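[1] Need the 3D shape of this:
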Amino acid sequence: MVIEDLRNYLERQLMLFYPAEYVPKFVLSTRDIFSNRELLKSIKFNNAALDHLLNIVLRDIREKKRFRRIECLKVIRSIIKRRGSSQLIEAAVLRKLFSLYKTFVFDNREKILWCISSFIKDQILEKEEIEWLIHNYKKSVHIVNRLLRYPTKNKLVINWAKRVYLKRELRDRASEVLALLIDREIPSFVEESNPQTLIWGIYYARITDEAKQELLKKYGPKSVYTTVEICTRLGYPAVIEFMLQELAKKSIEE
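    Presented below is the predicted three-dimensional model:
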């Protein structure tokens, strides 16, 4: 019996190195996820292993079983966080992560919301998933965050941002809303009485450094100190030099 226990222990440790092979062998239920949670949090990112764990959790949710939700979600979060920059989450796995995100995003427990915040972060979503986020953005700041920080230009997200801006919604996030609308120029419908909002919108915009610097040269003098802060962060000395030149011209004219 001692030998068998030792063999079992040693094989479990191999989950750290060969998760696709050993996680399905030792983890068959949410109870198993909880029992092995510390080991599972340290395994290498692997789509097959992650998919296996998601299937277990989603199954228990569908069957309305009681299980340690927070601890199971923490395991999934930890595995996602261990993903290397070159490792992609497979489409089928992402669909299940989104399903889990939808299930818990309206939960009022901060620990759960903290866990699921990483499930779809920086991921390219399906059209139907983006539409679901847009339909529900007024219900959760976490959904708003996913829309405002969507990783690529997306027509659905841009149109949503335009509607939000024109309705004067999310004014505490106005710069981030603007960032979604900025391309190589500020849209003609944008009217901002506070120049800092516009400057920070340029900062957050997903545009090239060249385009960003041109916009800062054009609008930066309206809020010099904010522009200097942004140029320092982004490493844009040319914009500061440009403002100096413009200031010198004004001095000569006066």
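[2] list the buried ones in the one helix or strand Cys72 maps to?
    According to DSSP states H and E, Cys72 maps onto helix 69-81. Using 16 or more other CB atoms under 10 Å as the test for burial, helix 69-81 gives 69, 71-80. No exception for glycine: its C-beta is placed from N, CA and C like everyone else's.
[3] And stretch 159-175, by the same measure?
    160-162, 164-165, 170, 173-175.
[4] For that stretch, C-alpha coordinates in PDB please.
    The C-alpha coordinates for stretch 159-175 follow below in PDB (Å, rounded to 0.1, in the frame of the first residue of the first chain):
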ATOM      1  CA  ASN A 159     -20.400  51.700 -33.200                       C
ATOM      2  CA  TRP A 160     -21.100  51.000 -29.500                       C
ATOM      3  CA  ALA A 161     -18.600  53.600 -28.400                       C
ATOM      4  CA  LYS A 162     -20.100  56.200 -30.800                       C
ATOM      5  CA  ARG A 163     -23.500  55.600 -29.300                       C
ATOM      6  CA  VAL A 164     -22.200  55.800 -25.800                       C
ATOM      7  CA  TYR A 165     -20.300  59.000 -26.600                       C
ATOM      8  CA  LEU A 166     -23.200  60.800 -28.300                       C
ATOM      9  CA  LYS A 167     -25.500  59.900 -25.400                       C
ATOM     10  CA  ARG A 168     -23.000  61.300 -23.000                       C
ATOM     11  CA  GLU A 169     -22.800  58.000 -21.100                       C
ATOM     12  CA  LEU A 170     -19.800  56.700 -19.200                       C
ATOM     13  CA  ARG A 171     -18.500  60.200 -18.700                       C
ATOM     14  CA  ASP A 172     -16.100  59.000 -16.100                       C
ATOM     15  CA  ARG A 173     -14.500  56.800 -18.800                       C
ATOM     16  CA  ALA A 174     -14.800  59.400 -21.600                       C
ATOM     17  CA  SER A 175     -11.100  59.200 -22.600                       C
END
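[5] now the helices for the stretch 151-254 of the chain?
    155-166, 174-181, 195-204, 209-219, 224-234, 237-253 (DSSP state H, counting those that start in this stretch).
[6] Including distance to Leu58 and mean pLDDT, could those helices go into TSV?
    As requested, those are arranged in TSV below (distance: least, CB to CB, whole Å; pLDDT from 0 to 100):
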stretch	distance to Leu58	mean pLDDT
helix 155-166	26	97
helix 174-181	31	96
helix 195-204	34	95
helix 209-219	41	96
helix 224-234	41	96
helix 237-253	49	84
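[7] Compare those helices and report which one is nearest to Leu125.
    Closest to Leu125 of the helices of the stretch 151-254 of the chain, according to CB to CB: helix 155-166, at 9.5 Å.
[8] How about the contacts made by Leu40?
    15, 23, 27, 33, 53, 75, 78-79 (CB atoms under 8 Å, 6 or more residues apart in numbering).
[9] Which two of the residues you listed have the greatest separation?
    Val27 and Ser78 (14.0 Å).
[10] Distance check, the nearest residue to Asn136 once chain neighbours are set aside against Arg83.
    Nearest in space to Asn136, with sequence neighbours left out and distances taken as CB to CB, 6 or more residues apart in numbering, is Ile143 at 5.5 Å. Distance, Ile143 to Arg83, using CB to CB, to the nearest Å: 22 Å.
[11] Comparing those two, which residue is more hemmed in?
    Remark: of Ile143 and Arg83, Ile143 carries more neighbours, 20 against 16, as counted by other CB atoms under 10 Å.
[12] In this protein, where is pLDDT below threshold?
    For the chain, applying pLDDT under 70 flags the ranges 1, 251-254.
[13] in which helix or strand would I find Ala92?
    helix 91-104.
[14] Just name whatever secondary elements that helix is in contact with.
    helix 47-62, helix 69-81, helix 110-116 (3 or more CB pairs under 8 Å, 6 or more residues apart in numbering; DSSP states H and E).
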